[in-house]
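Novice: 3D, please:
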Amino acid sequence: MNFFSQQDQRRKNTRTLIYLFALSLLLIHLSIYTVTVWSLDLAHLLPGRTYRWWHSFLFFWVTLVNGAVVLGGSLYMRRKLAPGGTAVALMLGGDLLLETAENSFEQRLKNVVEEIAIASGTPVPLVFSLPRQTSINAFAAGHTRGDAVIVVTRGALELLNRDELQGVIAHEFSHLLNGDTRLNLQMASTLYGIQVISTLGSFLIRTGGLPFVVLGFYLYVLGYIGVFFGRFIKYAASRQREYLADASAVQFTRNAAGISGALKKIGGLRQGSRIHHPYAESLSHLFFESAVEEPLFSFLSTHPPLADRIRTIDASFDGAYPYVESLPSPPAEESGIFPLRTRTTERIPIVAAVGENDLLRRVADPLPKHLVHAHDFLATLPPIVARAARSPSAAQHLIYALLLQDSETERTHQIAALQEEIGDANANEVAALALAVAILGPTARLPLIELSLPALRMLSMQHRKDLQRRVRVLARSDRKLSIFEFALERVLAKHLRALPLRHKIQYFAVKPLLPDCEVVLSMLAYAGQSSLPAAQEAFARVGHTLSRDALGMLPLHECTLETLERSLDRLAAAPPVLKQRILTAAMLCVTADGKITEKEGELLRAIADTLDCPLPPFLATQR
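Specialist: You can find the predicted model right below:
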């Protein structure tokens, strides 16, 4: 099942989950009403001597109170999770890994996350650790890839080797790339409403006092119906996705021993994968492996049986888990990250030979060679660039450095403008970074942006706005906007928002979007060809891919980046099945001459990012 099929399947699953939620809400309400009637009858508080099931006045008030509690709980959790992955990490006691580190375990984790992000063509997520959790577990969370985080327990950091950690992180990136994290947060906020009654009962039991204990026990028992249905809904949504994510991790890393080794260590560790936190039950479906005690009935578990997952990857597994020694009590504070060490490797050429079918298969599905490319890219970064990409203040300077022109006159003008905005010392740092970035070549620009995004997301909203304003000024200093400058502005606007941008599906047929498709395909044809006949020939390759009617290629003067931006905003509101057809047409157009140039690659990846279809880097070995 490819990326677009999975996206479409998730939309159908979402509708099924809504029906299950409505059914569970109805059954919870009827159960509460029935028990309330029975209790009041035993206490002789119901009117009349003859016992009756139907009491309209009582039914009204039970409906009102129960609905208010469920709705209030869902809205409370929805608001709590609105900022995205960072909110989830902080809820569970996560510590953000910053620029400096106190141990090599966090260094290794950050390296692995950055490699996989760059290999998969997605912004590098913020990385958190759970220093007080000595079990082996991890999760990815976020409404979009732009607000995503990767969270790893201290047990996973210190007990897994690099291959095992890489397998776990690749598994979580599969969820992130395929939109599972968005569905997981929607489930968490929705299901919290039906589980909040049990949570309230548990709180009253702990409060003390006979009246509170009795009321708490009453609410806890009734609320467990919500817990039951909550786990069942999670089971219905999560099981198959875990198998798919395992398979994706093995395909990506080409190392089945990595992820199977991590699962075996979970089985051999006394703490296993359990998370000790009040929100563990509500967020259990986010984790790599079950975060709570396994229920009595296996069909209520959010994850497949551990042994089954291992045998799916390693058919020779005999059911014997290796003994893993538990970690001591966690330290009070652990945070930070070392800069990457560098080593010399050969750069990837600018021009890559590719085919459109290969490109389409690679959406959200990178290969091991992409991982190798990402590892080598990070290893060759000059120290000044590596440090800047991971520092919130210096990351801004790195972004400015990417925009400095080759022309000495234009560059001098840009540096002078920056000196007025950020001071002489900072402007000089930008100039030094520009010299280091120039050595890396044009293919390093998009990966450097992706690498800098976690640091930029740590800026205040005012600093983010100042950054975007200065980027617009620098990009237009020569009175024209290049494709790279356009891509940079799009990426920053999308991923530095206060709240994640989620496009609501508005178009279910391709016909209303055909004018926008003509804009995108015309731009791609002109960007990749050196003459008008060659551009027309590339455009003609699209043929009837999108519609029975032939598309019309726009004149060059109508193909502006402002027009492209408006068209991309409309295309982002299409369902996955239409996005697949649009990207297919784009790739047919781009690969007319059998290769992708730097300019074509930047534009195509910018389009794919706008459509929430992460596209890995283009490598010279792709055919």
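Novice: going forward, measure contacts and count neighbours with C-alpha atoms only.
Specialist: Will do.
Novice: how about the helices in the stretch 151-300 of the chain?
Specialist: 154-159, 162-177, 180-207, 210-253, 256-268 (DSSP state H, counting those that start in this stretch).
Novice: again, but for the stretch 351-500 of the chain
Specialist: Using DSSP H, counting those that start in this stretch, the helices found in the stretch 351-500 of the chain span residues 356-362, 368-379, 383-389, 392-402, 408-422, 424-440, 445-456, 461-475, 483-495.
Novice: Throw those helices into JSON lines and include mean pLDDT and mean neighbour count, thanks.
Specialist: As requested, the helices of the stretch 351-500 of the chain are exported to JSON lines (pLDDT from 0 to 100; neighbours: other CA atoms under 10 Å):
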{"stretch": "helix 356-362", "mean pLDDT": "62", "mean neighbour count": "17"}
{"stretch": "helix 368-379", "mean pLDDT": "87", "mean neighbour count": "20"}
{"stretch": "helix 383-389", "mean pLDDT": "91", "mean neighbour count": "20"}
{"stretch": "helix 392-402", "mean pLDDT": "92", "mean neighbour count": "23"}
{"stretch": "helix 408-422", "mean pLDDT": "88", "mean neighbour count": "15"}
{"stretch": "helix 424-440", "mean pLDDT": "90", "mean neighbour count": "17"}
{"stretch": "helix 445-456", "mean pLDDT": "90", "mean neighbour count": "23"}
{"stretch": "helix 461-475", "mean pLDDT": "91", "mean neighbour count": "17"}
{"stretch": "helix 483-495", "mean pLDDT": "85", "mean neighbour count": "19"}
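Novice: Turn those into JSON lines, including distance to Ser129.
Specialist: What follows is the helices of the stretch 351-500 of the chain, written out as JSON lines (distance: least, CA to CA, whole Å):
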{"stretch": "helix 356-362", "distance to Ser129": "30"}
{"stretch": "helix 368-379", "distance to Ser129": "22"}
{"stretch": "helix 383-389", "distance to Ser129": "20"}
{"stretch": "helix 392-402", "distance to Ser129": "19"}
{"stretch": "helix 408-422", "distance to Ser129": "34"}
{"stretch": "helix 424-440", "distance to Ser129": "30"}
{"stretch": "helix 445-456", "distance to Ser129": "15"}
{"stretch": "helix 461-475", "distance to Ser129": "25"}
{"stretch": "helix 483-495", "distance to Ser129": "22"}
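Novice: Three-state assignment for Ala315, please.
Specialist: coil (DSSP: H, G, I helix; E, B strand; the rest coil).
Novice: For it, give me phi and psi.
Specialist: Backbone torsions of Ala315, given as degrees, to the nearest 10, read phi -70, psi -20.
Novice: got the contact list for Thr190?
Specialist: Contacts for Thr190 were tallied using CA atoms under 8 Å, 6 or more residues apart in numbering; they are Ser74, Met77, Arg78.
Novice: The first one sits in which helix or strand?
Specialist: Ser74 belongs to helix 56-81 when elements are defined using DSSP states H and E.
Novice: circling back to that earlier point, okay, the helices of the stretch 151-300 of the chain in TSV with mean pLDDT next?
Specialist: Shown next, in TSV, are the helices of the stretch 151-300 of the chain (pLDDT from 0 to 100):
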stretch	mean pLDDT
helix 154-159	94
helix 162-177	93
helix 180-207	81
helix 210-253	79
helix 256-268	93
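Novice: can you tell which of those helices is closest to Pro322?
Specialist: helix 256-268 (5.1 Å; CA to CA).
Novice: what's the closest one packed up against?
Specialist: Here helix 256-268 touches helix 162-177, helix 210-253, helix 306-313, going by 3 or more CA pairs under 8 Å, 6 or more residues apart in numbering; DSSP states H and E.
Novice: isn't Lys265 right next to Val324, touching?
Specialist: Yes: in this structure, Lys265 is within contact of Val324 by CA atoms under 8 Å, at 6.3 Å.
Novice: Of the two, which one has the most company?
Specialist: Lys265 (23 against 16; other CA atoms under 10 Å).
Novice: Quick one: residues contacting that one.
Specialist: Ile136, Leu160, Gly272, Tyr321, Pro322, Tyr323, Val324.
Novice: How about the second one, nearest residue that isn't a chain neighbour?
Specialist: By the measure of CA to CA, 6 or more residues apart in numbering, the closest residue to Leu160 outside its immediate chain neighbours is Ala262, 6.5 Å from it.
Novice: wait, the one you found sits on Arg162?
Specialist: No: the pair Ala262 and Arg162 does not pass the contact test of CA under 8 Å, sitting 10.2 Å apart.
Novice: Check the helices of the stretch 151-300 of the chain for me and report the most buried one.
Specialist: Most buried of the helices of the stretch 151-300 of the chain, by mean neighbour count (mean count of other CA atoms under 10 Å): helix 162-177, with a mean of 25.
Novice: Keeping just the C-alphas, turn it into PDB.
Specialist: Output of helix 162-177 as PDB, limited to C-alpha atoms (Å, rounded to 0.1, in the frame of the first residue of the first chain):
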ATOM      1  CA  ARG A 162      22.600   2.400  17.700                       C
ATOM      2  CA  ASP A 163      21.000   0.000  15.300                       C
ATOM      3  CA  GLU A 164      18.200  -0.800  17.700                       C
ATOM      4  CA  LEU A 165      17.600   2.900  18.400                       C
ATOM      5  CA  GLN A 166      17.700   3.600  14.600                       C
ATOM      6  CA  GLY A 167      15.000   0.900  14.100                       C
ATOM      7  CA  VAL A 168      12.700   2.500  16.800                       C
ATOM      8  CA  ILE A 169      13.100   6.000  15.400                       C
ATOM      9  CA  ALA A 170      12.500   4.800  11.800                       C
ATOM     10  CA  HIS A 171       9.300   3.100  13.100                       C
ATOM     11  CA  GLU A 172       8.200   6.400  14.600                       C
ATOM     12  CA  PHE A 173       9.100   8.300  11.400                       C
ATOM     13  CA  SER A 174       6.800   6.000   9.500                       C
ATOM     14  CA  HIS A 175       3.900   7.100  11.700                       C
ATOM     15  CA  LEU A 176       4.900  10.700  11.200                       C
ATOM     16  CA  LEU A 177       5.300  10.500   7.400                       C
END
